[in-house]
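Asker: mind looking at a prediction? Sequence and model below.
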Amino acid sequence: MRMANAVNKQERMTLIHSLIGVIIMVFFRFLPISLPEVTDVGMEVLGIFLGTLYLWTFVDPLWGSLLSIAMLGFSSYSNMSAVLSSAFGSPVVAQVFYMMIMSGGLAYYKITAYIGRFFLTRKFTNGKPWLLMGVIGVGCYFIAGFINAFTPIFVMWPVLYGIFDEVGYKKGDAFPRVAITLVVIASLLGFPMAPFAQNGLALLSNFTAITANMPGGPVVVNNGAYMAIAIIMGMISLFAIILFFKFVVRPDAEKLKGYNIENLNRNPLPPMNLSQKIYCVGFVVLILGLMIPSLFPNLPGLGFLSTCGYGLALFVVAVLAALRLKGEPILDVPKVMATNMSWGAYFIIVAAILLGNVLTSDSTGVSAFLSLILSPLFEGMSSVVFIVLLLLLAGILTNVCNSLVIGMILQPIIVTYCTQTGAAAAPIVTLLIQFVLLSASITPAASPFAALLHSNKEWVPTKYVYQYTMPVVLIEFVIYLIVGIPLCNILM
């Protein structure tokens, strides 16, 4: 009976929150609010945007995103055909879609299990719990960067549960709490690492679009420099966070000192079959094809590859789907899409890119409003002070709302500041994108990965999530100020 009542209450609350989100979308424009420079179309779009934020936070990201796209199609901004074309016809959205298929295939064909086992079976970690946590953290970082941030969580958590049970740790013990939290933190650190995938690609592409009218043309961040900064900052942050857990939180790690990683090999994984190996080759070719043009832009023959980067993921997917072994495709696209596609994340990216483009359109007046309001604040402000305030604002807001959305909202502020002061935009937006995505760990609303951590109450009660993640975000903030600012200025 209690369970039924709880379900009914949850259904009622979902309905109430859904109605509130729709009401905001429809009626916000009729409020007696006058925002300088914002047009009637802008007020309508702002209402849709705020309603979408509400639905993302309290209801469902997939449904909220779909409704957002539909409402923009019904609005005065444009017709439905143009809105759908803008939303799903974007090359960035296409690349995200096919990259998600490739990443989902790694999980569907169990290749991620081999990757996770590799990081968990390094012999030099025997008897060294914190070194083991470091290796696991590095593994989570790179898996999150090249595949997605869900994968290392789903791969590492079950293995850690087995290890904890074997050595005698119970649910809620201090060291398991820290280890499980660290998996999520390391995955978030890796989340913005790849400039050619996931939310990093969405934010970089959005910034290029909204800077089209800046003096000197659109700002295109060099992928190689961006990725180098992300890896350096990620490794420094991971090392500092592990030190924080070891010497400040100080959970009892004694039980893990007697654990031998060879125990994992009692149930060895079978050798990878030919299909899995071909799939791995295809994935590596895709990553190299996306990375090399930005790392070595002057090499002969790479001009074509750099111009067709958005279509490379589609090409690799098509080839792997066409190749067959024993009558089965190397990549069975329908099965992967049905079981291992993160549709919520995909539609958030689609809706966020669309909303970012719409909000910064001249027809809404939102960019002009931000410029008018913020111009007095920026006058005489040094770039260092601006970055400090920007990252502080990003860290606070991203833990109240979805990190991708906050990144979209804050980018026009960078445009306004750089237009007024002549400061270089690329280093600033690089710092913003990386920090706003990796710091989204404190509240369930910050990111789906933080929500996963909050949902794991048996192993990490909610109060410990806040106790661990708040200092971690502060550590990340300090590191990005002390190391990130000079590093970005040097590499960019």
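Answerer: That came through fine.

Asker: using PDB, write out the CA atom coordinates for stretch 162-175.
Answerer: Output of stretch 162-175 as PDB, limited to C-alpha atoms (Å, rounded to 0.1, in the frame of the first residue of the first chain):
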ATOM      1  CA  GLY A 162      32.400  -7.200  -5.900                       C
ATOM      2  CA  ILE A 163      35.800  -6.100  -4.600                       C
ATOM      3  CA  PHE A 164      34.300  -4.500  -1.500                       C
ATOM      4  CA  ASP A 165      32.200  -7.500  -0.800                       C
ATOM      5  CA  GLU A 166      35.300  -9.800  -1.100                       C
ATOM      6  CA  VAL A 167      37.400  -7.800   1.300                       C
ATOM      7  CA  GLY A 168      34.700  -7.100   3.800                       C
ATOM      8  CA  TYR A 169      33.500  -3.600   3.200                       C
ATOM      9  CA  LYS A 170      29.800  -3.000   3.800                       C
ATOM     10  CA  LYS A 171      27.400  -0.500   2.100                       C
ATOM     11  CA  GLY A 172      27.900   2.900   3.600                       C
ATOM     12  CA  ASP A 173      31.500   2.300   4.800                       C
ATOM     13  CA  ALA A 174      33.800   5.300   4.300                       C
ATOM     14  CA  PHE A 175      36.200   3.900   1.700                       C
END
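
Asker: can you list contacts of that stretch?
Answerer: Outside stretch 162-175, the residues that touch it by CB atoms under 8 Å, 6 or more residues apart in numbering are 129, 176, 179, 249, 251-253, 255-256, 258-259, 263, 458-459, 461. In short, each C-beta sits where N, CA and C put it, glycine included.

Asker: again, 10 Å this time
Answerer: Stretch 162-175 is contacted from outside by 120, 129, 132-133, 160-161, 176-177, 179-180, 245, 249-259, 261, 263-264, 267, 456-461, 464, using CB atoms under 10 Å, 6 or more residues apart in numbering.

Asker: tell me where the model's unsure across the stretch 151-300 of the chain.
Answerer: Along the stretch 151-300 of the chain, segments meeting pLDDT under 70 span 264-265, 294-300.

Asker: let's see that with 90 instead.
Answerer: Counting by pLDDT under 90, the stretch 151-300 of the chain shows low-confidence ranges at 151-172, 194-202, 205-206, 208-220, 222-224, 254-270, 283-300.

Asker: and residue 288, how many residues sit next to it?
Answerer: Residue 288 sits with 13 neighbouring residues when counted by other CB atoms under 10 Å.

Asker: actually residue 472, not the one I wrote
Answerer: Residues near residue 472, counting by other CB under 10 Å: 25.

Asker: and what of residue 26?
Answerer: Quick note: residue 26 (other CB under 10 Å) scores 15 neighbours.

Asker: do residue 365 as well
Answerer: When neighbours are counted by other CB under 10 Å, residue 365 registers 21.

Asker: show me what contacts the spatially closest residue to residue 397 that is not a sequence neighbour?
Answerer: In space, and not counting its chain neighbours, residue 397 is closest to residue 406: 4.6 Å by CB to CB, 6 or more residues apart in numbering. Residue 406 is in contact with 53, 352, 393-400, 432, 436-437, 439-440, 446, counting by CB under 10 Å, 6+ apart.

Asker: report all helices and strands that the helix ranked longest in the chain contacts.
Answerer: In the chain, taking DSSP state H as the definition, the longest helix is helix 2-27. Secondary-structure packing of helix 2-27 (3 or more CB pairs under 10 Å, 6 or more residues apart in numbering; DSSP states H and E): helix 40-58, helix 61-74.

Asker: tell me how far the longest one is from the chain's mean position?
Answerer: By that I understand helix 40-58. Relative to the chain's own centre, helix 40-58 is displaced by 21 Å; criterion: CA atoms, centre = their mean, to the nearest Å.

Asker: now do stretch 37-53
Answerer: Distance of stretch 37-53 from its chain centroid, counting by CA atoms, centre = their mean, is 25 Å.

Asker: just the buried members of the contacts of residue 406?
Answerer: 53, 352, 393-395, 397-399, 432, 436-437, 439-440, 446 (16 or more other CB atoms under 10 Å).

Asker: can you pull out the strands in the stretch 201-350 of the chain?
Answerer: Using DSSP state E, counting those that start in this stretch, the strands of the stretch 201-350 of the chain run over 324-325, 328-329.

Asker: quick one: residue 205 and residue 364, what's the gap?
Answerer: With distances defined as CB to CB, to the nearest Å, the gap from residue 205 to residue 364 amounts to 20 Å.

Asker: err, residue 54, not the other one
Answerer: For residue 54 relative to residue 364 (CB to CB), the value is 19 Å.

Asker: and the two? Which one has more around it.
Answerer: residue 364 (23 against 20).

Asker: which element is that one on?
Answerer: For residue 364, there is no enclosing helix or strand under DSSP states H and E.

Asker: list the residues that contact it.
Answerer: Contacts of residue 364 by CB under 10 Å, 6+ apart are 37-46, 49, 77, 358.

Asker: redo that, cut-off 7 Å
Answerer: Neighbouring residues of residue 364 by CB atoms under 7 Å, 6 or more residues apart in numbering: 38-39, 41-42, 45, 358.

Asker: can you tell me which of these comes closest to residue 216?
Answerer: Nearest to residue 216 out of the contacts of residue 364 is residue 358 (CB to CB; 24.5 Å).

Asker: wouldn't the closest one be in contact with residue 44 here?
Answerer: No: between residue 358 and residue 44 there is no contact under CB atoms under 7 Å: 10.1 Å.

Asker: list the residues that contact both of the two?
Answerer: Listed as contacting both residue 358 and residue 44 by CB under 7 Å, 6+ apart are residue 77.

Asker: dump the buried ones among the contacts of residue 406 to a markdown table, plus distance to residue 110.
Answerer: Shown next, in a markdown table, are the buried ones among the contacts of residue 406 (distance: CB to CB, whole Å):
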| residue | distance to residue 110 |
| --- | --- |
| 53 | 37 |
| 352 | 31 |
| 393 | 42 |
| 394 | 37 |
| 395 | 37 |
| 397 | 38 |
| 398 | 33 |
| 399 | 34 |
| 432 | 37 |
| 436 | 33 |
| 437 | 28 |
| 439 | 32 |
| 440 | 29 |
| 446 | 30 |
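
Asker: narrow those to those in helices?
Answerer: Using DSSP H, the subset of the buried ones among the contacts of residue 406 located in helices is 53, 352, 393-395, 397-398, 432, 436-437.

Asker: remind me which residues of the stretch 1-150 of the chain are low pLDDT?
Answerer: 1-14, 33-35, 37, 49-50, 52-65, 86-87, 89-108, 110-127, 143-150.

Asker: that older thread, of the contacts of residue 406, closest to residue 225?
Answerer: The closest of these to residue 225 turns out to be residue 432 (CB to CB; 15.1 Å).

Asker: which residues touch the closest one?
Answerer: Residue 432 sits next to 390-391, 394, 407, 410, 414 when contact means CB under 7 Å, 6+ apart.

Asker: residue 35: neighbouring residues, count only.
Answerer: Residues near residue 35, counting by other CB under 10 Å: 14.

Asker: let's have the chain start at 585 instead
Answerer: Shifting the count to begin at 585 puts that one at residue 619.
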